[in-house]
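Asks: Show me the folded form of this:
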Amino acid sequence: METITTDDVKHVATLARLDFNEEDIQQFTHQLARILDYIGKLNELDTTDVPPTAHPLPLRNVVKADVAKASYSRDVVLEGAPSAEEGYFEVPKVIE
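Replies: Modelled structure (predicted):
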């Protein structure tokens, strides 16, 4: 496996428009090299009988039942409005 160099880190930083000092470059080079080494170890595992997955646990959509129920009447809702006109909320004009 090819190792990562400081030039690789500088190139990626340039693409991401990040400005790092030399100490940061060295730190990220070391960290990324360790990550790539770990990925290399993972690639050595035999996964022929392992099905591809996007999540380690089975996913299911949990929704509550869609049950119709009575809502508030317009008059009750408009009682709490600071201002109402002809059965609607009255708001300040925002477009000239």
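Asks: Shouldn't Q26 be within a helix?
Replies: Yes: the assignment for Q26 is a helix, going by DSSP: H, G, I helix; E, B strand; the rest coil.
Asks: The residue lying farthest from the centre of the chain and V77: what is the separation?
Replies: In the chain, the residue that sits farthest from the middle, by Cα atoms, centre = their mean, is E86; the gap is 43.5 Å. Applying Cβ to Cβ, to the nearest Å, the value for E86 to V77 is 14 Å. For the C-beta atoms, the positions are set from N, CA and C on the backbone; glycine is no exception.
Asks: low-scoring stretches of the protein, by residue?
Replies: Along the chain, segments meeting pLDDT under 70 span 1.
Asks: For it, just list every one of the strands.
Replies: Remark: strands assigned in the chain by DSSP state E are 84-85, 88-89.
Asks: So which of the ones you listed is nearest K41?
Replies: Nearest to K41, of all the strands of the chain, is strand 88-89, at 61.8 Å by Cβ to Cβ.
Asks: can you list the residues that contact the closest one?
Replies: With contact meaning Cβ atoms under 8 Å, 6 or more residues apart in numbering, strand 88-89 is reached by L78, A81, S83.
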